[in-house]
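Participant: kindly generate the corresponding structure for this input.
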Amino acid sequence: MANAILEKCDIYFGDALISKESVIEEYLSFFANSLVSKERTVNFALHTGSLCFDAVSIVAVALGCLSYNLSTNDDIISALQIDDMVMYNGQRYRWKGTRVEYGKLCMIIEQDGKGKNGKMTRFLPLEKNQHLIKPYYGESQITDGRGIRKKKTNREDFLAFVFDMDIQEIPTQIDVSVVIVADRTFFGEICKQVRIVYGEGKEVGLLDIIPAAYYTSGGEEYQFGLNPTKAEPVLKVTSKISTARDLILDRNGNKVVGLLVIGGVSMIENGSELTDLLRRKVLRFAYVTSPIKAGMGEHILEMYEGASVFACTKNLLSKSNQMIRNDNPLTAELHRQIMNVIHHTVTAIPVGEGWSWDEYKTIKNALVVIKQSNWHEPTKDDFVVTAHGLLNLLNTAVFRLEIMEKAICNGQINKAVTPPNERIQKLWSIADQAGAMQELCMVVADALENKYRERLNTCPKANVLKEYLDSHKFSKAAIVVPKAYYADLLRMEYPEYFADEAMICVTANRFDSQKKYDAVLCVGELNNKRFDPLQCMSARNIDVLLYECEEKVFTFRRKKIAKYERKLNQRIGATRMEDDPKEDDSSLEMHMEKEMQRFSVLDEYIDALNTFDIHKLVQRSNAGGINAPMSEVKYVGTFVSGEQIFFSRYYSAVVFDNIAENVIEKSPEQLLPGDVLVFVKRDDYTKNIVDVIYERLLRDGRLGQGAIDVYEKSQYWKEALREYKEANDFTYRKVAQNMRAVGSSVQEVTVRQWLIDDSHIVGPRKERTMEHIAIVTQDPYLLADSHGYFEACGVVRHDRRKILELIAKAINDKLSGNIPEKGSVLSVVYDNVDNLSETLELEYITELEKSVNISINLVNTPITEAEVLM
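Facilitator: This next block holds a predicted model:
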């Protein structure tokens, strides 16, 4: 099938032809080779990050899975039972079987009578018409075309063309599926925009060929595009690896034959789950695609020796035809990315007056020894974390420390940032009481204080940065810094350079690799999950400011990445082993490797200290007794202020984006370091600020006539279902089973998500689900007006969205000093935001290996360790 796409079809995204570029043709050939294999295959593709790769990946697996379809139209007709609903020429009929009429085998379909007219029965020659009969899986029992969204497509004509079959042999129903792990919005946009042109200028959309749906972690299904027969989706999309696993292992319905993971899902964080999926023998093919990065490539080379690999390395792309064949915005961006890879240069800019490598090692080794010591006082960890943070600040600061301390004193930057002089005092205070570790602590404190005094009035990196800003003032450039307050200080110090969008200052955690720049400057040896200067392809030229001690680490990492790239090129056949230079395995390199591992262990230890001991907390929570209210926690976060947060599984965090100037709600798994969260000060753990403001506007009569009745209806269905569960002592699973028995498709996790205290689900998204709840609970109010209760949920959902917009406006007004008109709805929101809310920047967020139950008083709100342990 992929070969047919290459030879017979053109793939467009909107008006842009994307499938004829040289590298895309090579990419499709990679898919074609594995899709025609008789053996099950596991495949990895590391590309430039262009949307073109994701679009053609989806088309390739969507059409490639059709070759595994076993259903024929004969099978579909044979499986129909008398009175089954079917579709014929865009209308619903009842199937009445087959019989011979006038010497020909005919199929019989029937529509109910209308008004005074009786039933209409049609006899159609089976052989000529069986490919026009499609089983109908919807809930309607009305036999006509009402409610069916009609769209003429070239589905059968296209499939007959690419498969070289008679149009009457094209099956009306597909019995296999592919699971795709992708962002819902991103996949939806691809479905809307992708079209396939074939033959003499004919075209077909992806969703014209096969149905697709998105599945939430709660098991709810949301259809993409039209699906008039309500057939089972062939493309089953989800954003979570765990949900993909459930879909693959589900024995009901279509057999899942393939898996596609796109969007750069972390193979490290999702390693065990993904590895388990890729081993599933039910899958005939599996593809994992991602923008190229060393961490993922190394994992593939180490863990998947037998897998097929495609990678857009410098060697591979240099040998490809680099000319744009069809000029459009997408291929132009693809070409830019290719050129960035081929001409990628990372320049280390040496900066004097920093620590030497030996001086730096002395400090790091001292911290390692202190960390490993038998000194068990809590102050030991305080010393290690404070010293390590100050060490990083002194290496990466691109401003004089007196400027930083003055800005903190004047409240111009985050008040949670501790001034360097206070950190120095803290180190000396701890060192005085460090017992056997006193001498080492004093060595560290003395080295840091001496460098602090040097940096107070002079900063060598600040001087180099100023030269860089001057030489790039007409360029689109990004300055990458480790902390958000660095950006605040630089905007204060150099406002003329950051006045427009051309020059930006961004933290490594917030760096968007999809944006394009003329140049990128990294202020030090930064390396995290979202940004590594050695692998950043957002510009051809990446510059890094490095003191001597940083340069040593940077050079070591550069050699490691070069070694990995040689292995990757050999794996994909871009180079031969004998052509590559001999590996340098000298004793010096091995010694450096050991030192880096030791320092890495220290870094991991400090990262671990930035989160609470979750197990200790669980023990304390459980000590409250078996009846203490608990909440399931899956994510733990740390704020720049040092406060911590435990996110309950279904919590909805309110996030303020100061660049876009809007407020959105995010689930815990969507949160990123650098997100600014808006909280209600010490309020009920189940409520976020949207809930609080909604209730106040409701109480003050600001939401219009009938708002209270609407709100009560939006709450009532949930209470009725909860009462039904508790009165019958049912589990969530039993409630879900009972709902499925009356025609619903909800899963246990969906019911749980509805009914737990900290859920922010307003109501079901489908009216039919509300009807199922009414039937199961037999609640007289729901039975009498399920439509009204469903509509009420929609109104409340709309009001909550408006409140999010008003919160964003109120926060912006608060920051800029604007006060809204007294008595307006905005003024009510403003007053609540001003008096009730606090905003905190997320520094770390960690997913726990296993969910834990924690006291409800400690979840979804910023807390200090003292609050946890008291």
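
Participant: sketch out the low-pLDDT regions of the stretch 751-870 of the chain for me.
Facilitator: Low-confidence segments of the stretch 751-870 of the chain (pLDDT under 70): 758, 811-826, 828, 830, 832-837, 864-870.

Participant: who's in contact with the closest residue to Gln433 other than its chain neighbours?
Facilitator: Sequence neighbours aside, Thr379 is the residue nearest to Gln433 in space, at 7.0 Å (criterion: CB to CB, 6 or more residues apart in numbering). Using the backbone N, CA and C atoms, a C-beta is placed for each residue, glycine as well. Thr379 sits next to Ile430, Gln433, Ala434 when contact means CB atoms under 8 Å, 6 or more residues apart in numbering.

Participant: three-state assignment of Thr379?
Facilitator: Recorded secondary structure, Thr379: helix (DSSP: H, G, I helix; E, B strand; the rest coil).

Participant: look up how far Leu568 lies from it.
Facilitator: Distance from Thr379 to Leu568, counting by CB to CB, to the nearest Å: 46 Å.

Participant: ok, the contacts of Thr379 vs Gln372, which is closest?
Facilitator: Ala434 (14.3 Å; CB to CB).

Participant: run a quick neighbour tally on the closest one.
Facilitator: Ala434 has 20 neighbouring residues, counting by other CB atoms under 10 Å.

Participant: am I right that it is in contact with Val369?
Facilitator: No - applying CB atoms under 8 Å, one finds Ala434 not in contact with Val369, separated by 11.9 Å.

Participant: find the residues that touch each one of those two.
Facilitator: With CB under 8 Å, 6+ apart, Ala434 and Val369 have common neighbours Leu440.

Participant: which SS state does the spatially closest residue to Asp112 that is not a sequence neighbour fall under?
Facilitator: Excluding the flanking residues, the one nearest Asp112 by CB to CB, 6+ apart is Thr143, at 4.8 Å. Following three-state DSSP, we place Thr143 in the coil state.

Participant: so where do the helices sit in the stretch 701-850 of the chain?
Facilitator: Using DSSP state H, counting those that start in this stretch, the helices of the stretch 701-850 of the chain run over 707-727, 732-741, 748-755, 767-777, 780-784, 786-816, 825-836.

Participant: in the stretch 301-450 of the chain, what residue spans correspond to helices?
Facilitator: 314-319, 329-342, 357-372, 378-396, 401-409, 420-431, 438-457.

Participant: elements contacting the following helix or strand past the longest one?
Facilitator: Going down the chain from helix 438-457, the next helix or strand is helix 460-471, by DSSP states H and E. Applying 3 or more CB pairs under 8 Å, 6 or more residues apart in numbering; DSSP states H and E, we find helix 460-471 packed against strand 541-546.

Participant: list the buried residues for the helix or strand just after the strand it packs on?
Facilitator: On the C-terminal side of strand 541-546, the nearest following helix or strand under DSSP H and E is helix 548-572. Residues of helix 548-572 classed as buried by neighbour count (16 or more other CB atoms under 10 Å): 548-554, 557, 560-561, 565-572.

Participant: for Thr575, which residues are in contact?
Facilitator: Counting by CB under 8 Å, 6+ apart, Thr575 makes contact with Asn315, Arg566, Asn569.

Participant: helix/strand/coil for it?
Facilitator: State at Thr575, reduced to three classes by three-state DSSP: coil.

Participant: and the pLDDT for it?
Facilitator: Reading off the confidence values, Thr575 has pLDDT 80.

Participant: adding mean neighbour count, write the helices of the stretch 701-850 of the chain out as JSON lines.
Facilitator: Output for the helices of the stretch 701-850 of the chain, formatted as JSON lines (neighbours: other CB atoms under 10 Å):
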{"stretch": "helix 707-727", "mean neighbour count": "16"}
{"stretch": "helix 732-741", "mean neighbour count": "17"}
{"stretch": "helix 748-755", "mean neighbour count": "21"}
{"stretch": "helix 767-777", "mean neighbour count": "21"}
{"stretch": "helix 780-784", "mean neighbour count": "14"}
{"stretch": "helix 786-816", "mean neighbour count": "18"}
{"stretch": "helix 825-836", "mean neighbour count": "18"}
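
Participant: out of the contacts of Thr575, who's nearest Asn414?
Facilitator: Closest to Asn414, out of all of these and judged by CB to CB, is Arg566, at 43.4 Å.

Participant: quick check: the gap between that closest one and Leu588.
Facilitator: Per CB to CB, Arg566 is found 20 Å from Leu588.

Participant: what of Arg696?
Facilitator: Taken as CB to CB, the span from Arg696 to Leu588 is 67 Å.

Participant: out of the two, which sits in the more crowded spot?
Facilitator: A side-by-side neighbour count of Arg696 and Leu588, using other CB under 10 Å, places Arg696 first with 15 against 9.

Participant: secondary structure element holding the more buried one?
Facilitator: helix 689-699.
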